[in-house]
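K.L.:
Need a 3D model of the sequence below.
(chains A and B)
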Amino acid sequence: GQQVMQIPQYQHVQEGEDFTTYCNSSTTLSNIQWYKQRPGGHPVFLIQLVKSGEVKKQKRLTFQFGEAKKNSSLHITATQTTDVGTYFCAGPPGSQGNLIFGKGTKLSVKP
Amino acid sequence: DGGITQSPKYLFRKEGQNVTLSCEQNLNHDAMYWYRQDPGQGLRLIYYSQIVNDFQKGDIAEGYSVSREKKESFPLTVTSAQKNPTAFYLCASSIRNSNQPQHFGDGTRLSIL
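P.N.:
The predicted model follows:
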(Lines give C-alpha, C1' and ligand atoms only; values in the text may rest on other atoms or scores of the structure.)
Protein backbone atom coordinates (compact mmCIF):
# COMPACT_ATOMS: atom_id res chain seq x y z
CA GLY A 1 0.00 0.00 0.00
CA GLN A 2 0.91 3.63 -0.08
CA GLN A 3 3.50 4.55 2.49
CA VAL A 4 5.26 7.60 3.80
CA MET A 5 8.61 6.81 5.37
CA GLN A 6 10.48 9.14 7.70
CA ILE A 7 14.07 8.98 8.86
CA PRO A 8 15.61 9.07 11.32
CA GLN A 9 13.18 7.77 13.91
CA TYR A 10 15.07 9.52 16.72
CA GLN A 11 17.62 12.32 16.78
CA HIS A 12 19.48 13.61 19.81
CA VAL A 13 21.36 16.87 19.35
CA GLN A 14 23.23 19.37 21.45
CA GLU A 15 21.57 22.76 21.62
CA GLY A 16 22.88 24.86 18.75
CA GLU A 17 23.44 21.94 16.38
CA ASP A 18 21.44 21.57 13.19
CA PHE A 19 18.78 18.92 12.62
CA THR A 20 17.25 17.39 9.51
CA THR A 21 14.44 14.90 9.03
CA TYR A 22 13.62 13.28 5.70
CA CYS A 23 10.33 12.08 4.32
CA ASN A 24 9.88 9.69 1.37
CA SER A 25 6.69 8.55 -0.26
CA SER A 26 6.14 5.47 -2.39
CA THR A 27 3.80 7.50 -4.59
CA THR A 28 3.61 11.05 -5.90
CA LEU A 29 1.98 13.42 -3.43
CA SER A 30 -0.27 16.30 -4.36
CA ASN A 31 1.20 18.22 -1.44
CA ILE A 32 3.31 17.61 1.67
CA GLN A 33 2.40 18.86 5.12
CA TRP A 34 4.55 19.04 8.24
CA TYR A 35 3.31 18.85 11.79
CA LYS A 36 4.97 19.16 15.19
CA GLN A 37 3.82 17.30 18.28
CA ARG A 38 5.25 18.42 21.59
CA PRO A 39 5.61 15.76 24.31
CA GLY A 40 2.17 15.02 25.72
CA GLY A 41 0.53 17.26 23.15
CA HIS A 42 -1.26 17.02 19.85
CA PRO A 43 0.06 17.54 16.31
CA VAL A 44 0.13 21.16 15.21
CA PHE A 45 0.25 22.09 11.55
CA LEU A 46 3.48 23.85 10.54
CA ILE A 47 3.42 24.23 6.77
CA GLN A 48 2.17 22.90 3.46
CA LEU A 49 4.24 22.62 0.28
CA VAL A 50 2.48 22.18 -3.03
CA LYS A 51 4.84 22.87 -5.91
CA SER A 52 7.59 20.65 -7.20
CA GLY A 53 10.96 21.84 -5.84
CA GLU A 54 9.32 24.30 -3.47
CA VAL A 55 11.34 25.68 -0.54
CA LYS A 56 9.79 27.57 2.35
CA LYS A 57 11.32 29.06 5.45
CA GLN A 58 9.92 29.78 8.89
CA LYS A 59 12.62 31.48 10.96
CA ARG A 60 15.14 28.68 11.67
CA LEU A 61 13.07 26.01 9.87
CA THR A 62 13.53 25.26 6.17
CA PHE A 63 11.15 22.96 4.33
CA GLN A 64 11.75 21.45 0.89
CA PHE A 65 9.55 19.48 -1.49
CA GLY A 66 11.34 17.29 -4.00
CA GLU A 67 11.22 17.76 -7.75
CA ALA A 68 9.34 14.49 -8.21
CA LYS A 69 6.95 15.35 -5.33
CA LYS A 70 7.84 12.09 -3.59
CA ASN A 71 10.19 13.38 -0.92
CA SER A 72 10.58 16.27 1.47
CA SER A 73 12.85 17.48 4.22
CA LEU A 74 12.72 19.71 7.26
CA HIS A 75 15.92 21.35 8.41
CA ILE A 76 16.27 23.23 11.69
CA THR A 77 19.27 25.52 12.07
CA ALA A 78 20.81 26.00 15.50
CA THR A 79 18.32 23.95 17.50
CA GLN A 80 16.86 25.26 20.72
CA THR A 81 15.21 23.39 23.60
CA THR A 82 11.86 24.69 22.36
CA ASP A 83 12.32 22.59 19.21
CA VAL A 84 11.87 19.37 21.21
CA GLY A 85 9.07 17.17 19.92
CA THR A 86 8.12 14.79 17.17
CA TYR A 87 7.98 16.06 13.61
CA PHE A 88 5.60 14.35 11.22
CA CYS A 89 5.28 14.67 7.49
CA ALA A 90 1.99 13.82 5.82
CA GLY A 91 0.75 13.81 2.30
CA PRO A 92 -2.28 12.84 0.28
CA PRO A 93 -1.56 10.55 -2.66
CA GLY A 94 -3.43 12.11 -5.55
CA SER A 95 -5.93 14.93 -5.30
CA GLN A 96 -8.59 13.11 -3.32
CA GLY A 97 -6.68 10.83 -1.01
CA ASN A 98 -6.58 11.10 2.76
CA LEU A 99 -3.41 12.22 4.48
CA ILE A 100 -0.89 9.48 5.08
CA PHE A 101 1.35 10.28 8.03
CA GLY A 102 4.93 9.21 8.44
CA LYS A 103 5.90 7.70 11.80
CA GLY A 104 7.69 10.87 12.76
CA THR A 105 11.15 11.88 13.91
CA LYS A 106 11.48 12.46 17.63
CA LEU A 107 13.91 15.27 18.36
CA SER A 108 15.54 15.75 21.73
CA VAL A 109 17.79 18.73 22.44
CA LYS A 110 20.37 18.71 25.19
CA PRO A 111 20.96 22.16 26.69
CA ASP B 1 -11.61 31.09 20.08
CA GLY B 2 -12.26 28.46 17.41
CA GLY B 3 -10.99 24.98 17.99
CA ILE B 4 -11.58 21.31 18.55
CA THR B 5 -12.60 19.97 21.93
CA GLN B 6 -12.09 16.35 22.84
CA SER B 7 -13.39 14.77 26.01
CA PRO B 8 -12.61 13.18 28.27
CA LYS B 9 -8.86 13.64 28.44
CA TYR B 10 -8.41 10.24 30.10
CA LEU B 11 -10.74 7.27 29.86
CA PHE B 12 -10.65 3.79 31.31
CA ARG B 13 -12.53 0.88 29.80
CA LYS B 14 -13.54 -2.35 31.42
CA GLU B 15 -13.55 -5.62 29.54
CA GLY B 16 -16.61 -6.01 27.34
CA GLN B 17 -17.56 -2.35 27.64
CA ASN B 18 -18.22 0.14 24.88
CA VAL B 19 -16.95 3.67 25.43
CA THR B 20 -17.60 6.85 23.48
CA LEU B 21 -15.07 9.60 22.88
CA SER B 22 -16.43 13.06 22.19
CA CYS B 23 -15.16 15.46 19.53
CA GLU B 24 -16.69 18.89 18.94
CA GLN B 25 -15.42 21.63 16.61
CA ASN B 26 -16.50 25.24 16.11
CA LEU B 27 -14.27 25.92 13.13
CA ASN B 28 -17.11 25.40 10.67
CA HIS B 29 -15.07 22.65 9.01
CA ASP B 30 -16.82 20.14 6.80
CA ALA B 31 -14.36 17.27 7.24
CA MET B 32 -13.58 15.47 10.48
CA TYR B 33 -11.27 12.58 11.26
CA TRP B 34 -10.36 10.12 14.00
CA TYR B 35 -6.81 8.86 14.38
CA ARG B 36 -5.20 6.37 16.67
CA GLN B 37 -1.62 6.94 17.88
CA ASP B 38 0.44 4.23 19.56
CA PRO B 39 3.82 4.95 21.19
CA GLY B 40 6.50 5.60 18.61
CA GLN B 41 3.99 5.33 15.80
CA GLY B 42 2.49 7.72 13.37
CA LEU B 43 -1.18 8.50 13.11
CA ARG B 44 -3.43 5.80 11.73
CA LEU B 45 -6.81 6.78 10.33
CA ILE B 46 -9.84 5.11 11.92
CA TYR B 47 -12.80 6.91 10.32
CA TYR B 48 -13.41 10.12 8.48
CA SER B 49 -16.39 12.19 7.45
CA GLN B 50 -16.49 14.83 4.75
CA ILE B 51 -20.11 15.82 5.21
CA VAL B 52 -22.94 15.47 7.71
CA ASN B 53 -24.64 12.06 7.73
CA ASP B 54 -21.82 10.46 5.80
CA PHE B 55 -18.61 8.79 6.94
CA GLN B 56 -16.04 6.37 5.59
CA LYS B 57 -13.81 3.71 7.08
CA GLY B 58 -10.12 4.44 7.36
CA ASP B 59 -7.27 1.99 7.59
CA ILE B 60 -8.11 0.51 11.01
CA ALA B 61 -11.90 0.80 11.41
CA GLU B 62 -12.52 -2.65 12.88
CA GLY B 63 -13.85 -2.46 16.44
CA TYR B 64 -14.83 1.22 16.12
CA SER B 65 -17.97 3.08 15.10
CA VAL B 66 -18.82 6.74 14.47
CA SER B 67 -21.74 9.01 13.71
CA ARG B 68 -21.99 12.44 12.11
CA GLU B 69 -25.43 13.80 12.88
CA LYS B 70 -24.21 17.39 13.22
CA LYS B 71 -21.49 19.29 11.44
CA GLU B 72 -19.86 20.19 14.75
CA SER B 73 -19.78 16.72 16.27
CA PHE B 74 -18.06 13.44 15.36
CA PRO B 75 -18.12 11.00 18.31
CA LEU B 76 -16.12 7.77 18.22
CA THR B 77 -17.28 4.60 19.96
CA VAL B 78 -14.66 2.03 20.88
CA THR B 79 -16.57 -1.23 21.03
CA SER B 80 -15.79 -4.39 22.94
CA ALA B 81 -14.75 -5.90 19.62
CA GLN B 82 -11.62 -3.74 19.68
CA LYS B 83 -9.30 -6.08 21.58
CA ASN B 84 -6.38 -3.69 21.94
CA PRO B 85 -7.93 -0.28 22.54
CA THR B 86 -5.18 1.23 24.70
CA ALA B 87 -3.91 4.21 22.71
CA PHE B 88 -4.01 7.96 22.27
CA TYR B 89 -7.01 9.00 20.16
CA LEU B 90 -6.90 12.21 18.18
CA CYS B 91 -9.76 13.96 16.48
CA ALA B 92 -9.06 16.41 13.67
CA SER B 93 -10.94 18.60 11.24
CA SER B 94 -10.19 20.36 8.00
CA ILE B 95 -11.81 22.59 5.42
CA ARG B 96 -13.73 20.51 2.93
CA ASN B 97 -11.39 17.69 1.99
CA SER B 98 -8.49 15.68 3.27
CA ASN B 99 -5.90 17.55 1.19
CA GLN B 100 -6.16 20.52 3.48
CA PRO B 101 -4.21 21.05 6.71
CA GLN B 102 -5.81 19.43 9.69
CA HIS B 103 -6.48 20.94 13.10
CA PHE B 104 -6.24 18.53 16.00
CA GLY B 105 -7.89 18.31 19.39
CA ASP B 106 -5.92 17.64 22.57
CA GLY B 107 -6.64 13.93 22.39
CA THR B 108 -8.08 11.25 24.67
CA ARG B 109 -5.91 8.62 26.33
CA LEU B 110 -7.80 5.35 26.61
CA SER B 111 -6.63 2.55 28.87
CA ILE B 112 -7.95 -0.86 29.85
CA LEU B 113 -8.83 -1.51 33.48
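
K.L.:
Tell me which residue is most central in chain B.
P.N.:
Residue closest to the average C-alpha location in chain B (CA atoms, centre = their mean): residue B:34, at 3.0 Å.

K.L.:
Specify the beta-bridge partners of that one.
P.N.:
For residue B:34, the beta-bridge partners are residue B:47, residue B:91 (DSSP bridges).

K.L.:
now check the helix or strand of chain A with the lowest mean pLDDT, is it near chain B?
P.N.:
Lowest by mean pLDDT, DSSP states H and E among the helices and strands of chain A is strand A:100-101, with a mean of 90. Yes - applying CB under 8 Å from any CB of the partner chain, one finds strand A:100-101 in contact with chain B at residue A:101. (Each C-beta comes from the backbone N, C-alpha and C, glycine too.)

K.L.:
elements contacting that strand?
P.N.:
strand A:85-91 (3 or more CB pairs under 8 Å, 6 or more residues apart in numbering or on different chains; DSSP states H and E).

K.L.:
Give me the mean pLDDT for the strand it packs on.
P.N.:
In this model, strand A:85-91 has a mean pLDDT of 96.

K.L.:
which helices and strands does that strand pack with?
P.N.:
Short answer (3+ CB pairs under 8 Å, 6+ apart): strand A:85-91 packs on strand A:4-7, strand A:19-25, strand A:32-37, strand A:71-76, strand A:100-101, strand A:105-110.

K.L.:
which residues sit against the helix or strand following the third one?
P.N.:
Taking DSSP states H and E as the definition, the helix or strand that follows strand A:32-37 towards the C-terminus is strand A:43-49. Among residues not part of strand A:43-49, those counted as contacts by CB atoms under 8 Å, 6 or more residues apart in numbering or on different chains are A:31-38, A:56, A:58, A:61, A:63-65, A:72, A:88, B:43, B:90, B:92, B:101-104.
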